[in-house]
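1. here you go, sequence then predicted model.
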Amino acid sequence: MLLRPEQLAAHLDKPLAPLYLLHGDEPLLVIEAGDAIRAAARKQGFEEREVIVVGTGFKWDDLFLAAGNMSLFGGSKLVDLRIPSGKPGREGSEALQRYIGTLGPGIVTLITLPELDKQARKSAWVTTLMDAGIGIECNAPPLARLPQWIAERMAREKQSAPRAALEFIALHVEGNLLAAYQEIQKLGLIYPPGEISLKQIEAAVMNVARYDVFDLLDAVKSRDTIRAARTLEGLKGEDAPKLLVLWALAAEARARGAHALLLRAAKIDRMIKGLGNGDIWDEFLQLALRLTQGESSRSSGRFSTR
């Protein structure tokens, strides 16, 4: 059975299939579909997940062992198999076809691949997997449909825009769905729910062109203190939306489960809303320092890029 990414949410409200095969040329859609399946598995009682990555020297017996070793706590299990090359080889092809015969209750298997070419689609192992479970092709929509895709994503933020504005975003991101997704997130942070004009979207998209908040997010993720500080300095100079900067820093703090850093982010949020005093950009810098250097950095410390 084949599903389009937009059909997946409705499907996941039902009991899960024994196997899902994700493939496509658009990483954002592949990631979102995989996350949705993993979340549905947790919700439906698949308490354990085992991630298996196929690389050089991989032993296919490990896949069978993963499926055979049920949760120590007696629950169901999700086997998360990832084949980055998309080519399991002769041994892997045969193993995957044999694996289908072992599928049973209590196990859901998620297989993630890159885009499959025509030859791969016709291969015995792919057709066997497709017949046994759900195939989801996660390719980017054609450029002509991208404005509609952007409109659908904006609707999730309870926002809308005229056709000319949607086409402006599509042209700006040059077909890159991840870039479009980031622009939509930005709009959701800057503007309230409702329709956003072309002029407002032009201002938001062209703002922070030199120092982007996603550069800041990359810097704190990689613990690059100098880059983070310089990016903050640039964002300050261009009067970037403070809520957007806070989102980037808080997102990384949340990803690390850093309670103390989230409390600091909440303090900055109150300052932005006029409920606290202090230098907001200095607070941003101190939060970035803690993210790049570790939570032990002193709150009174300073950092200079000069």
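-> Received the coordinates, thanks.
2. ok, which stretches of the stretch 151-300 of the chain are helices?
-> 163-173, 177-190, 198-206, 213-221, 225-237, 242-255, 259-272, 280-293 (DSSP state H, counting those that start in this stretch).
3. which one, of those helices, ends up nearest to K87?
-> With distances scored as Cβ to Cβ, the stretch of the helices of the stretch 151-300 of the chain nearest to K87 is helix 177-190 (24.7 Å). In short, each C-beta sits where N, CA and C put it, glycine included.
4. what comes up buried for that closest one?
-> 177, 180-190 (16 or more other Cβ atoms under 10 Å).
5. output those residues as JSON lines; include the columns pLDDT.
-> Output for the buried residues of helix 177-190, formatted as JSON lines (pLDDT from 0 to 100):
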{"residue": "L177", "pLDDT": "87"}
{"residue": "A180", "pLDDT": "88"}
{"residue": "Y181", "pLDDT": "88"}
{"residue": "Q182", "pLDDT": "84"}
{"residue": "E183", "pLDDT": "87"}
{"residue": "I184", "pLDDT": "91"}
{"residue": "Q185", "pLDDT": "86"}
{"residue": "K186", "pLDDT": "84"}
{"residue": "L187", "pLDDT": "89"}
{"residue": "G188", "pLDDT": "87"}
{"residue": "L189", "pLDDT": "82"}
{"residue": "I190", "pLDDT": "84"}
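6. nearest to R38, of those?
-> Within the buried residues of helix 177-190, proximity to R38 (Cβ to Cβ) peaks at Y181, which comes in at 19.0 Å.
7. residues in contact with the closest one?
-> 28, 153 (Cβ atoms under 8 Å, 6 or more residues apart in numbering).
8. can we see that at 10 Å?
-> Contact analysis of Y181 by Cβ atoms under 10 Å, 6 or more residues apart in numbering lists 28-29, 32, 149-150, 153, 173.
9. which ones among those lie within helices?
-> Cross-referencing the contacts of Y181 against helices under DSSP state H gives 28-29, 32, 149-150, 153, 173.
10. pull the most distant pair out of the residues you listed.
-> Spatial extent of the ones in helices among the contacts of Y181 (Cβ to Cβ) is set by the pair E32 and V173 at 16.8 Å.
11. from L19, how far out is the nearest residue to G276 once chain neighbours are set aside?
-> Spatial nearest neighbour of G276, chain neighbours left out: R270 (4.5 Å); criterion: Cβ to Cβ, 6 or more residues apart in numbering. Distance of R270 to L19, given as Cβ to Cβ, to the nearest Å: 48 Å.
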